[in-house]
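Student: compute the structure for the input listed below.
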Amino acid sequence: WALRSAAGCVELDVPFLDSEAPADRLEIFSGAGDLLATYAGRDARKRSAIRGCANVAAPDVAVAFGDGDARPAALYVLWTTDSHEARALGSVLDPVGFRATATAAAAAPPMKTWCATMGAKMGLYGSDCKTRHCLGVVDVVGEAGGFRSQPVDEAAYPPYARCGWRIAALGRRVVLEVRVLGLEEVYDVVRIYAGAAAPPGLGAVATDRAPLYELRGSTPLAAPLIFEGDVFVTFETDGVGNAPRGDGNGPRWRRTGLEIAWKRAPMDAPTCESDDGISPEDDGPEKTKGRKKEDGYSREDDGPEPAARCGHGTCVDGACVCAPGAYGETCAFDACRGAASIAAPAGLVVSNL
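Tutor: As a prediction, this is how the structure comes out:
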């Protein structure tokens with residue numbers, strides 16, 4: 001279904017859905033092709049209304065949905081089933097399928113702008129931030145922020161999740177700090193891609209490419225990750241075992257799901273701050289790098305703030321030098337990930353710390 005309105009925007013409410021998960025599912029896409037929400041199974045939790053606006057024509061998206069109307073669409077709705085008997089999931093008298101209502105709407109009212117700016121950081125999603133778990137693709141806004149798979153007081157992250165967060169670099173570097181990583185081993189995964197295009201499963205017209213990194217399990221990273229250019233983060237789960245670490249309310253390293261803080265850093269910012277050999281005790285608390293603030297020194301005298309810090313390594317001339325077995329620009333990983341370049345004339349290569 002292609003949804004349009006003279007008002008420009010459409011709000012879709014799904015009050016009922018009962019399906020055989022994950023094969024039988026309802027997917028809602030923006031007119032530009034981003035996955036906004038996917039529903040499957042018998043999840044009785046409150047669903048937020050999904051809002052979409054017809055901003056610009058997207059011919060490739062229209063072709064993907066077989067939409068022959070030249071007018072921009074506000075939303076696309078896709079209902080997919082497999083060949084199994086739908087009623088096999090329960091009693092023959094159980095109602096199955098879905099029911100949805102589409103309403104013409106104007107642009108999002110100002111009262112909902114907090115949802116766009118703060119919702120993902122709080123783990124709240126949908127156009128009214130009433131859904132307590134991530135849904136589809138979110139374009140993060142602001143100069144810095146964060147996003148979560150679910151609110152901090154939710155012990156389990158969502159089943160059958162397909163979530164994505166797109167971060168525009170705007171000519172700068174993107175820094176990601178993984179603050180919470182508590183996933184069911186093997187089946188649930190976080191992937192980080194270069195570029196703004198949606199990967200398969202998160203867009204009607206997707207760009208298939210290998211991720212830069214895959215994160216699984218519950219081992220936290222030792223340092224932030226740095227990227228030059230746009231970044232797309234995805235979070236995908238299966239339908240069971242989505243609370244591997246317990247109550248969800250303990251220390252960060254014990255919580256379940258995903259939490260990432262992000263920021264932008266200048267392209268010329270050093271990766272880390274080199275140790276210049278001056279101890280803070282040498283000059284007292286009001287001195288930085290051996291120079292007094294009252295002498296007219298400011299942090300800008302040394303250039304932009306470092307983008308991150310080193311994990312399993314040391315900082316030399318603004319760059320991280322990893323210990324044998326540590327990998328990544330910030331030495332965040334304790335085992336090999338992807339491709340690594342080694343410039344030293346001689347050394348030791350090992351797979352992990």
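
Student: so which residues of the stretch 1-150 of the chain form helices?
Tutor: 59-64, 113-122 (DSSP state H, counting those that start in this stretch).

Student: please apply the same query to the stretch 251-353 of the chain.
Tutor: 280-283.

Student: any stretches of it with poor pLDDT?
Tutor: Scanning the stretch 251-353 of the chain for pLDDT under 70 picks out the ranges 251-254, 275-303, 338-348.

Student: tell me where it has strands.
Tutor: 257-265, 287-288, 291-292, 313-316, 319-322 (DSSP state E, counting those that start in this stretch).

Student: would you turn the helices of the stretch 1-150 of the chain into CSV with distance to Cys53 and mean neighbour count?
Tutor: (C-beta placed from N, C-alpha, C; glycine too.) Converted to CSV, the helices of the stretch 1-150 of the chain look like this (distance: least, CB to CB, whole Å; neighbours: other CB atoms under 10 Å):
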stretch, distance to Cys53, mean neighbour count
helix 59-64, 14, 16
helix 113-122, 13, 16
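
Student: which of the ones you listed sits closest to Ser149?
Tutor: Smallest distance to Ser149 across the helices of the stretch 1-150 of the chain (CB to CB): 9.8 Å, for helix 113-122.

Student: just the CA coordinates of the closest one, formatted as PDB?
Tutor: Presented in PDB, the C-alpha positions along helix 113-122 are these (Å, rounded to 0.1, in the frame of the first residue of the first chain):
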ATOM      1  CA  THR A 113      10.300  17.800  18.500                       C
ATOM      2  CA  TRP A 114      11.600  16.500  21.900                       C
ATOM      3  CA  CYS A 115      10.800  13.100  20.600                       C
ATOM      4  CA  ALA A 116      13.100  13.600  17.500                       C
ATOM      5  CA  THR A 117      15.900  15.000  19.600                       C
ATOM      6  CA  MET A 118      15.700  13.000  22.800                       C
ATOM      7  CA  GLY A 119      13.600   9.900  22.100                       C
ATOM      8  CA  ALA A 120      16.400   7.600  20.800                       C
ATOM      9  CA  LYS A 121      18.700   8.600  23.700                       C
ATOM     10  CA  MET A 122      15.900   7.500  26.100                       C
END
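
Student: what does it contact?
Tutor: If you take CB atoms under 8 Å, 6 or more residues apart in numbering as the criterion, helix 113-122 is touched by 108, 124-129, 134, 138, 140-142, 145-148, 151, 165.

Student: about what we covered before: buried deepest among the strands of the stretch 251-353 of the chain, which one?
Tutor: strand 257-265 (a mean of 22; mean count of other CB atoms under 10 Å).

Student: tell me which of the strands of the stretch 251-353 of the chain lies nearest to Val14.
Tutor: strand 257-265 (23.2 Å).

Student: so Thr256 touches Gly182, yeah?
Tutor: Yes: using CB atoms under 8 Å, Thr256 is in contact with Gly182, at 4.2 Å.

Student: before we move on, the earlier item: closest one to Asp13 among the helices of the stretch 1-150 of the chain?
Tutor: helix 113-122 (16.0 Å).

Student: okay, and which of the contacts of helix 113-122 map to strands?
Tutor: Members of the contacts of helix 113-122 lying in strands (criterion: DSSP state E): Val138, Gly145, Gly146, Phe147, Arg148, Trp165.

Student: enumerate every residue touching the fifth one.
Tutor: Spelled out, that is Arg148. Applying CB under 8 Å, 6+ apart, the residues contacting Arg148 are Ala120, Lys121, Met122, Gly123, Cys134, Val180, Gly257, Leu258, Glu259, Ile260.

Student: can you count the residues close to the fifth one?
Tutor: Residue neighbour count, defined by other CB atoms under 10 Å, stands at 27 for Cys134.

Student: repeat for Asp188
Tutor: 25.

Student: likewise for Trp1?
Tutor: 14.

Student: equivalent analysis for Arg99, please.
Tutor: 11.

Student: and it, what's its pLDDT?
Tutor: We have a pLDDT of 93 for Arg99.

Student: how many other residues sit next to Gly145?
Tutor: Neighbours around Gly145, by other CB under 10 Å: 17.
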